[in-house]
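Colleague: I need the structure of the sequence given here:
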Amino acid sequence: MQVVILCGGLGTRAYPYTQTMPKAMMTVDDCPVVEQVMRIYAAYGHREFILSCGYLKESIIDYFRHAPSDWDVRCVDTGDADTGDRVLRLRHLLAPKFHATYCDGLGDVDLGALADFHAAHDGSATVTAGSLRSQYGLIYADEGGQVSGFEEKPVLPGFWINVGFFVFDESVFSHWRGQNLEREVLPGLAAVGQLRMYKHQGFWRSMDTYKDQQELNTLWAPYAARLRDRVGEPAAAVLAAASSTVE
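Modeller: From the prediction side, this is the model:
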């Protein structure tokens, strides 16, 4: 299946590091975070990528001129559009069923199970949801204030967040309303009964800030090693003839 990856945002929360490079090109482990995302899909056999580029697109385009030879990477300039419009502007390139995700979220998502889940329901869209993790540590104490323990950034049971890793049918565009994927398009799909939620119980982290990048360098390392074994070396180290194109 095709994989659309949204790479065109300004990355303002990672400023000033994104002043000279798009967030997609900030490194995690041994390569840009967007390539780590692509390796997740490649490990499940999905190697046709459409990168929706915008801000500082030249560095992404230059990097993927030397993509692994068995990857088909197409970099498309979708300008300064919002997330929903970025996908919509790619409509003419998309297959009847396709994956889509963000360039900065990493997780051990079972993409085979995700695809099976999507195929089994009658909606035109599936969003992967992960458990909400508190950004703060918790203190446990009794009514008198006697502290009994601490828990660092626990998972909050019963709460789910959008972690990307979407599957869409082409028919979704009949219900596609609004410019922002998260605030308009997805709620609109839910309102007409077209959206389903696939629950991911494993690892997931997003890279919004420089601090997140530093944490992911450690947390993602064991996953990155397994993916590297399955899909090969980073793109920059592969000098075979590239199959990437630019639009």
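Colleague: chain center to stretch 107-124: distance?
Modeller: 15 Å (CA atoms, centre = their mean, to the nearest Å).
Colleague: gap between the two ends of it?
Modeller: 23 Å (CA to CA, to the nearest Å).
Colleague: do stretch 113-131 as well
Modeller: Stretch 113-131: ends 17 Å apart by CA to CA.
Colleague: state the mean pLDDT of that stretch.
Modeller: Mean per-residue pLDDT for stretch 113-131: 97.
Colleague: and what of stretch 153-170?
Modeller: According to the model, stretch 153-170 has a mean pLDDT of 91.
Colleague: name the nearest residue to the residue minimising distance to the centre of the chain, sequence neighbours excluded.
Modeller: The residue lying closest to the centre of the chain (CA atoms, centre = their mean) is Y102, at 3.0 Å. Beyond its immediate neighbours in the sequence, the residue positioned closest to Y102 (CB to CB, 6 or more residues apart in numbering) is G164, lying 4.5 Å away. C-beta here means a position set from N, CA and C on the backbone, and glycine is covered the same way.
Colleague: contact partners for that neighbour?
Modeller: Applying CB atoms under 8 Å, 6 or more residues apart in numbering, one finds that G164 lies in contact with 100-102, 105, 127-128.
Colleague: in strands, which of the residues you listed appear?
Modeller: The strands, defined by DSSP state E, take in 100-102, 105, 127-128 from the contacts of G164.
Colleague: below-threshold pLDDT in this structure: ranges please.
Modeller: Across the chain, the ranges flagged by pLDDT under 70 are 9-19, 233-247.
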